[in-house]
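> Quick one, structure for this:
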Amino acid sequence: MKLGLAKPLVLVGALQFSIFAGASPVDNRPHQIKRAIEWSLKGYEKFAWGKDKLIFPESGGTDGMHMAATLIDSIDTMHIAGLNTSKYEAFVERMDFSRIRASVNVFEATIRILGGLLSAHALTARPIYKQKAVEIGDILLAAYTPGRLQCSRITPFTRTCNSGRDGSLAEKGSSSIEFAELSRITGDPKYKEAVDNVDALLMKSACARPNRVSDTGASIGGSISIGGESDSFYEYLLKSAIQTGDEGKLAYFEKCVDGLYALLYRRFPGGTTFGPHRNGRTSASIGHLDCFFPGLLALSSTVYKNSRHLEMAEAMMDTCVKLYKTPTGVGAESAGLEPHFRITNSENKLRPEVVESLFYLWRITGKERYRNFAWEMFRAFEKHARQPQGGYCAMRAGRACPRGSAGEYRDVGSMPSFWVGETLKYFYLIFTDSMPLKHWVFTTEAHPMPKI
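This is a model prediction of the structure:
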């Protein structure tokens, strides 16, 4: 791919109608979801403004990255839904990432902060978003070094690593979309070259592989799975290839699907899954994090014109929606599939994966049942997760919102940044015709990037 100098994104003007077109005037579901976005942000603005996420009871926010993650994660969702973002833009303008002395998770800062700023720029062409994307991009670039994987944590103030370079497939292999877009808008290839080096190291090994890797990209243990610690590695192989036209990644991803199918794809009494594989056995289980995969397979079916990918996607999707067949309709975190479908973890963290896959399957197949599933899910969140003073709470099996606690991945009792950034965005997009897939690629944090 040749990197040209950045220009105003013609796509924005060309797609302005489709971004705001919405659904049929007789369908008020987009309006109801828009109100949910506003209610979420009301709670954030009132109790946690400028923090990474809102925690409950309404006692304020908590920071893991010290980068106002919910604020930045939400801007593109607000824009897509036609909400005023001026207050958020003004906050971004005052931000100075270089003053952060805390240890920052490179993966999370890439997908939430860099990704959020880049998509805001792609949708608006406002210079401040590009300026701040370059600022955080240059900080994150210090985590990369030739011939090795990036370090996992960095201190922005000193631009020094404070962790090792081994980690998970997902953590190490999920930066290519954001860094390619940063190179596109700046005309500087250094960002894309840094992540291309990482991807080359990871792609030296067989694709269906254990999910822990050394600093050189070699496997060092773990399980073979599509879920946590593996998920977005596979996602970025396909989506990065779609974004840039990388034929090597397209060929590699196709081998991934074949390998994962052989090792993980199983039909159990309780449903169909790509279960985690360890010690020669594939687990009869499904997790919410696994449920992005039907959407990815549906997307890949349009790239490879492979009906088997879509068949697997629809079969697994039927199992994923069972996670929401609870007494309250609020979904569970995981379930076992033998001797029948049974919930094994009743927490609901407001995660996006199930509605994300419903979005892709609706857009690709046009089958109304996928929108119907999504609407049932949304109504359950409205009934059980909506909080009286603003915001929505991650909880256990639809029970009262528990007291939250500080911590990077402690989501129960909080409103994680991905609730507005991903979950509500996908709900909204299911009921509108905006952001067509032929023009946009969605990152693992649901930030839309233009195809290059």
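> Helices of the stretch 1-150 of the chain, residue ranges please.
Assigned by DSSP state H, counting those that start in this stretch, the stretch 1-150 of the chain shows helices spanning 10-14, 16-20, 29-47, 69-80, 86-94, 106-108, 115-124, 127-141.
> Dump the ones you listed into TSV; add mean pLDDT, distance to residue 246 and mean neighbour count as well.
Backbone N, C-alpha and C define where each C-beta goes, glycine included. Shown next, in TSV, are the helices of the stretch 1-150 of the chain (pLDDT from 0 to 100; distance: least, CB to CB, whole Å; neighbours: other CB atoms under 10 Å):
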stretch	mean pLDDT	distance to residue 246	mean neighbour count
helix 10-14	36	20	12
helix 16-20	38	26	14
helix 29-47	97	34	19
helix 69-80	98	24	26
helix 86-94	98	31	13
helix 106-108	98	21	23
helix 115-124	98	18	27
helix 127-141	98	20	20
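> Show me the one of those helices that comes nearest residue 362.
Closest to residue 362 of the helices of the stretch 1-150 of the chain is helix 29-47 (CB to CB; 12.6 Å).
> coming back round to it: okay, the helices of the stretch 1-150 of the chain in JSON lines with distance to residue 175 next?
Below are the helices of the stretch 1-150 of the chain laid out as JSON lines (distance: least, CB to CB, whole Å):
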{"stretch": "helix 10-14", "distance to residue 175": "22"}
{"stretch": "helix 16-20", "distance to residue 175": "26"}
{"stretch": "helix 29-47", "distance to residue 175": "26"}
{"stretch": "helix 69-80", "distance to residue 175": "17"}
{"stretch": "helix 86-94", "distance to residue 175": "21"}
{"stretch": "helix 106-108", "distance to residue 175": "8"}
{"stretch": "helix 115-124", "distance to residue 175": "9"}
{"stretch": "helix 127-141", "distance to residue 175": "8"}
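> quick one, which of those is nearest to residue 205?
helix 106-108 (19.6 Å).
> What is that closest one packed up against?
When contacts are defined as 3 or more CB pairs under 8 Å, 6 or more residues apart in numbering; DSSP states H and E, helix 106-108 sits against helix 169-172.
> and the next helix or strand after the helix it packs on, C-alpha only, in PDB?
Note on helix 169-172: by DSSP states H and E, the next helix or strand toward the C-terminus is helix 176-186. The C-alpha coordinates for helix 176-186 follow below in PDB (Å, rounded to 0.1, in the frame of the first residue of the first chain):
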ATOM      1  CA  SER A 176      -3.000  -2.400  12.900                       C
ATOM      2  CA  ILE A 177      -6.200  -0.600  12.000                       C
ATOM      3  CA  GLU A 178      -5.600   2.400  14.200                       C
ATOM      4  CA  PHE A 179      -1.900   2.800  13.200                       C
ATOM      5  CA  ALA A 180      -2.700   2.400   9.500                       C
ATOM      6  CA  GLU A 181      -5.300   5.200   9.800                       C
ATOM      7  CA  LEU A 182      -2.800   7.400  11.700                       C
ATOM      8  CA  SER A 183      -0.300   6.900   8.900                       C
ATOM      9  CA  ARG A 184      -3.000   7.700   6.300                       C
ATOM     10  CA  ILE A 185      -4.000  11.000   7.800                       C
ATOM     11  CA  THR A 186      -0.500  12.200   8.600                       C
END
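> Now do stretch 396-411: distance to the chain's middle.
Taking CA atoms, centre = their mean, to the nearest Å, the mean C-alpha location of stretch 396-411 is offset from the chain mean by 20 Å.
> make that stretch 444-452, sorry
10 Å.
> ditto for stretch 321-329
For stretch 321-329, the distance to the chain centre is 22 Å (CA atoms, centre = their mean).
> buried stuff in it?
Counting neighbours by 16 or more other CB atoms under 10 Å, one finds that the buried residues in stretch 321-329 are 321, 322, 323, 324, 326, 328, 329.
> Looks to me like the last one is in a helix.
Yep, that's residue 329 we're talking about. No - counting by DSSP: H, G, I helix; E, B strand; the rest coil, residue 329 is not found in a helix; it is coil.
> what's the closest non-adjacent residue to it?
In this structure, residue 329 finds its nearest non-sequential neighbour in residue 380, 3.1 Å apart by CB to CB, 6 or more residues apart in numbering.
> Identify the residues contacting the one you found.
Counting by CB atoms under 8 Å, 6 or more residues apart in numbering, residue 380 touches 324, 328, 329, 330, 331, 398.
> So what does it look like in phi/psi?
phi -70, psi -40 (degrees, to the nearest 10).
> What does the pLDDT read for it?
pLDDT for residue 380: 96.
> Residue 2 too?
Value for residue 2, per-residue pLDDT: 34.
> what's the distance between residue 101 and residue 181?
In this view, residue 101 and residue 181 are 28 Å apart by CB to CB, to the nearest Å.
> The closest residue to residue 100 other than its chain neighbours: neighbour count?
Once flanking residues are discounted, residue 100 sits nearest to residue 156: 4.1 Å by CB to CB, 6+ apart. Neighbours of residue 156 under the rule other CB atoms under 10 Å: 25.
> Then residue 383?
Neighbours of residue 383 using other CB under 10 Å come to 12.
> Need the pLDDT of it.
pLDDT recorded at residue 383 is 95.
> again with residue 24
47.
> what's the answer for residue 281, then?
94.
> show me the contacts for it.
Residue 281 touches nothing, counting by CB under 8 Å, 6+ apart.
> doesn't residue 335 make contact with residue 322?
Yes - with contacts counted by CB atoms under 8 Å, residue 322 reaches residue 335, the gap being 6.9 Å.
> Quickly list what's touching both of these two.
With contacts taken as CB under 8 Å, 6+ apart, residue 322 and residue 335 have 270, 341 as neighbours in common.
> Between residue 101 and residue 181, which has more neighbouring residues?
residue 181 (28 against 10).
> Next, work out how far apart the more buried one and residue 447 are.
From residue 181 to residue 447 the distance is 9 Å (CB to CB).
> Common neighbours of these two, please.
Common contact partners of residue 181 and residue 447 (CB under 8 Å, 6+ apart): residue 118.
> in the stretch 151-300 of the chain, which ranges drop under the pLDDT threshold?
The stretch 151-300 of the chain contains no residues with pLDDT under 70.
> just the helices in it please.
Using DSSP H, counting those that start in this stretch, helices in the stretch 151-300 of the chain cover 169-172, 176-186, 190-202, 231-244, 247-264, 293-304.
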